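1. Here is my input, please return the structure:
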Amino acid sequence: MFPSFGCRSGTRVCLFIPAFVYNTAKGALTMQHRSLFVFDIETIPDTDAVPNLTGFTEPDLAARRAELERYHLEITDGRNSFPRQPFHRVVAISFLEAEIEYAGAQEIYYLKELRSGGEAGFDEAQLLQGFFQYFEHLKPRLVSFNGRTFDLPVLKYRAMAHGIAAPWLYGAGDKWNSYKSRYAMDWHCDLLDVLRDYGASTAVKLSEVCAVMGFPGKFGADGSKVAEMIDTGDIQGVRDYCETDVLNTYLVYLRTMLHRGTVTREGYNRAVADVITMIEQAGDDRRHLGSFMEAWGKASKNTFLLE
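-> A predicted model of the protein is given here:
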């Protein structure tokens, strides 16, 4: 479903990299992840739960979606029709994986792959099983945009609905440093939370951040079109769109790490060059990456690296 060990990035071959190492340089035992896992999911409303939720038994898909929307408008006094996390069915999980190399206080990232989990024909349970199995194998640093509020809760609820276990999500780390710890960005860096200083400033959209930084942001499709794309059988289009969101998230992450001093300017440019090389080497079956590159060139005025 999801790949196991082994990758090739340019001339750099990565095989059997430990999930993490322990650093005692500062006199304390701290965990250093060896893998970076930037991820995003796409979902559609789960209408199968509607009869149990509201007693509405009409089998028509559009009618059930309307009923789910009506329910959420009712419980929010008409403010929000967007389904709560348990009522999202996962249709795509896309990710970028990079190796983390430590050089003193700095980090260096080596891009390994960008892809969507499983195959286009996989059902939700297969996607979730593959994701959590790979997660347990990799034990990475997670990177997302609004992943702590939306993506991870959706993945948890849907995994529980299918009876899928994910013990490493809860058992790794300690009280202050774990996947559950909001402020432990070495474990899960939710860029939305980090960039707004954990609620101190207004929440922004990924597309807004990208617009300021000269990254492509949303183009072609957006989340509001996913259900329609699934209805018409365009699952590959959904997976492609999800991968471009992952790329945007990774680019924002790199700029964030540069700002924090975790990545040097040289390291930032090298990581961005890796992304460009991957896009240039992509085959004809990944034309969405070429479209991403075109949109990036337009947004950045063809200035991809920092001087």
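2. Could you pull out the helices in the chain for me?
-> 50-54, 61-75, 124-138, 152-161, 168-171, 191-195, 206-213, 226-231, 235-260, 265-280, 287-300 (DSSP state H).
3. quick one: buried residues of the shortest one?
-> Judged by neighbour count using 16 or more other CB atoms under 10 Å, the buried positions of helix 168-171 are 168-169. For glycine as for every other residue, the C-beta is placed from the backbone atoms N, C-alpha and C.
4. do the second one as well
-> Judged by neighbour count using 16+ other CB under 10 Å, the buried positions of helix 61-75 are 64-68, 71-72.
5. Can you give the distance from that helix to the centre of its chain?
-> Offset of helix 61-75 from its chain centre (CA atoms, centre = their mean, to the nearest Å): 27 Å.
6. Put the alpha carbons of that helix into CSV.
-> The C-alpha trace of helix 61-75 is given here as CSV (Å, rounded to 0.1, in the frame of the first residue of the first chain):
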residue,chain,number,x,y,z
LEU,A,61,-26.8,10.4,-2.4
ALA,A,62,-27.7,14.1,-3.0
ALA,A,63,-30.5,13.9,-0.5
ARG,A,64,-28.3,12.4,2.1
ARG,A,65,-25.6,15.1,1.5
ALA,A,66,-28.3,17.7,1.9
GLU,A,67,-29.4,16.1,5.1
LEU,A,68,-25.9,16.1,6.5
GLU,A,69,-25.5,19.7,5.6
ARG,A,70,-28.9,20.5,7.2
TYR,A,71,-27.8,18.8,10.4
HIS,A,72,-24.6,20.8,10.7
LEU,A,73,-26.4,24.0,10.0
GLU,A,74,-28.8,23.2,12.7
ILE,A,75,-26.2,22.4,15.4
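7. Output the contacting helices and strands for it.
-> strand 35-45, helix 50-54 (3 or more CB pairs under 8 Å, 6 or more residues apart in numbering; DSSP states H and E).
8. Go through those and pick out the most buried.
-> Comparing the helices and strands packed on helix 61-75 by mean neighbour count (mean count of other CB atoms under 10 Å), strand 35-45 ranks first with a mean of 24.
9. strands paired with that one, and their directions?
-> Neighbouring strands of strand 35-45 in its sheet, by DSSP bridges, are strand 88-103 (antiparallel), strand 141-144 (parallel).
10. what's the closest of those to Ala299?
-> Proximity to Ala299 (CB to CB) singles out strand 88-103 among these, at 18.9 Å.
11. okay, the angle between that closest one and helix 235-260?
-> Calculated by axes from the mean of the first three to the mean of the last three CA atoms, to 10 degrees, strand 88-103 forms an angle of 40 degrees with helix 235-260.
12. so for strand 88-103, what's the average pLDDT?
-> For strand 88-103, mean pLDDT rounds to 97.
13. For that strand, buried residues please.
-> 88-100.
14. can you pull the contacts of the most centrally placed residue in the chain?
-> Nearest residue to the geometric centre of the chain (CA atoms, centre = their mean): Phe39, 1.9 Å. By CB atoms under 8 Å, 6 or more residues apart in numbering, Phe39 lies in contact with 93-96, 142-144, 147, 151, 246.
15. And the pLDDT for it?
-> Phe39 is given a pLDDT of 98.
16. For it, name its beta-bridge partners.
-> Phe95.
17. Is Ile44 in contact with Met229, as I believe?
-> No - assessed by CB atoms under 8 Å, Ile44 is found out of contact with Met229, at 9.2 Å.
18. Tell me the spacing between the closest residue to Glu113 other than its chain neighbours and Thr202.
-> Spatial nearest neighbour of Glu113, chain neighbours left out: Glu97 (5.5 Å); criterion: CB to CB, 6 or more residues apart in numbering. In this view, Glu97 and Thr202 are 31 Å apart by CB to CB, to the nearest Å.
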